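In: Below are the sequence and a predicted model for it; my questions follow.
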Amino acid sequence: MKRLALVLFAAVACNDMPPVNVPGPTVAHPTGASIESPETRGAVATLARRNPSARVVAFRISFDTGSSEDPAGKEGLTALTAAMTVKSGTRALTFAELSRALYPMAASIDVNVDRDQTVFSADVAAADLPKFYPLLRDVILAPRLDDESFKRLKARQTSALDDELKGADDESLGKESLEAAIYADHPYGHPAVGTDAGLAAIGLDDVKAQRARVFCKDRVTVGIAGAYPEGFDKTVAHDLDALPKCAGPRPGLPEPQKHHGLRVVLVDKPSADATAISIGFPTTMTRASEDFPAAMFFTSYLGLHRQSAGVLFNRLREQRGLNYGDYAYAEYFEQDGDTRFTLPNIARREQLVSIWLRPVKPANGVFALRGALYYWGKYVEDGVPDAEIARFGNFLSHYQSLEQQTESRRLGFALDDKTYHLATPYIERMRAAWTTLDGKKLAQVIKRDLSTSDMTIAIVAKNAAALKKTLVSGDKTPPTYDSPKPKSVTDEDKIIEALPLHLKDADVTIIPIADLFAK
């Protein structure tokens, strides 16, 4: 049975707290900090880090569960259970009373639910830790789970599905539609927020049963970073040992369904004022895979998130002005708030490679799709020159430092390293691999892992019937520009606008927005 694990990032204490002193054998860490070997600690695995400049304490309490463990017919149950944990109060405090207690500390307790992980997170000023921690402990161990909160949060989650995801966020809708198509009849095949029928079927007793079943001590990893007093890690480990024991092992996952050639899902949304395009395919690669550093380099070179350095961004946005952003990812990506960086602790047992074209004018939708496929295919076929690998690798190695600017994010990456069983921390591993990467090595990985014509495409747009007709016809789709473009661009346009898609009527499915994630 998996042990309760405490991932501890120790810091020199502020506000007169004594510094943490962790003896024992150490292993190398990319920042030069000392990490204690988990094998030396007995029942609790510990990683320790001192940070004299810390002024906060960060918590990340991760459970090996997510929406993939929603019972059939009750999709959204894990997310609702997590929301009830943090937003219903505790046995001692109503949610209003809990909120009033947290307010003077400028602290909050948040939760994120993905397919395979649920993470409760919080940051608090070190001086407020004695007042804050009992509240956090009671939220995790003794949530109120009352009927009034259940009705409120269930209504809120239903609104998040219908009014926000389906109603107002076409970019996220496109990404969720892509996953629904790739993972049809698979536990990953519905959004974490759930489905309309699934949410309607959930009762308060289901929430209580799900909490006992999946938010249990054999699935938890507790992370702490920052300026906390010596011995505090033992207190947290002792407290979290009161979580219920897991009833059984985590269920496995089936393989995604296979298909040949392009497959398109059109989400017909009459109110859409732009076209959101997501392209992808499943992969057996994770961060633990030998090929992952090279694959991560290639997708970043094609389209690093919210950066103008990528090929797709340069060609489709900068040269042609087609849309806002064009990005590519070697693993599932979710943006961390308003930053440009990946959200930690969304690790998955199965992954997907994807391309994301942020909204395009409807008139240029098919051309943008063809453009993304053209440049992907071109660089898969031709590779990346050694000089470009050296140039971009240097940039990317420095850019990775920005991923770990806070105690919470550094802690999140350490938790991900543990989840993927990485012997060398992720960013150190990426940098080391990129220094020896050349065109020959990259080409081998591309041909082995990224060269495929078996892609799924999800497009959110209005007038889906007309769009399907255009896709299936194979007709040229020349772009419409607001200003003249240089001859080098228009010459390449002639190739892109005629790029064969080889789509037949059966390859393109239309889903009315009202039917999407309905059941």
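Out: Cool, the structure landed.

In: so who does residue 494 touch?
Out: Residues near residue 494 by Cβ atoms under 8 Å, 6 or more residues apart in numbering: none. Where you see a C-beta, it was placed from the backbone N, CA and C, and this is true even at glycine.

In: Give me the pLDDT value at residue 247.
Out: Per-residue pLDDT puts residue 247 at 88.

In: these two touch, right, it and residue 213?
Out: Yes: the pair residue 247 / residue 213 is scored as a contact, 6.0 Å apart, by Cβ atoms under 8 Å.

In: Just want to know which of these two has more residues nearby.
Out: Using other Cβ atoms under 10 Å, the more surrounded residue of residue 247 and residue 213 is residue 213, with 19 against 10.

In: Name the surrounding residues that touch the strand or helix carrying the more buried one.
Out: Following DSSP states H and E, one finds residue 213 within helix 204-214. Helix 204-214 is contacted by residues 63, 65, 69, 71, 74, 77-78, 80-81, 84-85, 143, 145, 147, 150, 244, 246-247 when judged by Cβ under 8 Å, 6+ apart.

In: I'd like to know which of these are buried.
Out: By neighbour count, with 16 or more other Cβ atoms under 10 Å, these hold 63, 65, 69, 74, 77-78, 80-81, 84-85, 143, 145, 150, 246 as buried.

In: In three-state terms, label residue 346 for me.
Out: Put simply, residue 346 is coil when judged by DSSP: H, G, I helix; E, B strand; the rest coil.

In: how close does the spatially closest residue to it that is not a sequence neighbour sit to residue 192?
Out: Distance criterion Cβ to Cβ, 6 or more residues apart in numbering; nearest residue to residue 346, sequence neighbours excluded, is residue 114 at 4.3 Å. Separation of residue 114 from residue 192 (Cβ to Cβ, to the nearest Å): 6 Å.

In: And for residue 221?
Out: Relative to residue 192, and taking Cβ to Cβ, residue 221 is found at 19 Å.

In: For the buried ones among the contacts of helix 204-214, work out which two are farthest apart.
Out: Using Cβ to Cβ, the buried ones among the contacts of helix 204-214 reach their maximum pairwise distance at 150 and 246, which is 23.6 Å.

In: so residue 112 touches residue 345, yeah?
Out: Yes: under the criterion of Cβ under 8 Å, residue 112 makes contact with residue 345 at 7.2 Å.

In: Now do the shared contacts for these two.
Out: The contact lists of residue 112 and residue 345 share residue 119, where a contact means Cβ under 8 Å, 6+ apart.

In: Could you give me the buried positions within stretch 443-451?
Out: 443, 445, 446, 449, 450.

In: ok, now which ones touch residue 182?
Out: Counting by Cβ under 8 Å, 6+ apart, residue 182 has contacts 188, 256, 280, 281, 282, 352, 456.

In: Which residue is the nearest non-sequential neighbour of it?
Out: Counting by Cβ to Cβ, 6+ apart, the residue nearest residue 182 is residue 456, at 5.1 Å.

In: which other helices and strands contact the next helix or strand after the helix holding residue 213?
Out: Next helix or strand after helix 204-214 toward the C-terminus (DSSP H and E): strand 220-226. With contacts taken as 3 or more Cβ pairs under 8 Å, 6 or more residues apart in numbering; DSSP states H and E, strand 220-226 sits against strand 5-10, strand 56-63, helix 232-240, helix 407-419.

In: Would you convert the ones you listed into CSV that also reports mean pLDDT and distance to residue 498?
Out: Formatted as CSV, the helices and strands packed on strand 220-226 follow (pLDDT from 0 to 100; distance: least, Cβ to Cβ, whole Å):
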stretch, mean pLDDT, distance to residue 498
strand 5-10, 41, 53
strand 56-63, 94, 49
helix 232-240, 85, 60
helix 407-419, 94, 43
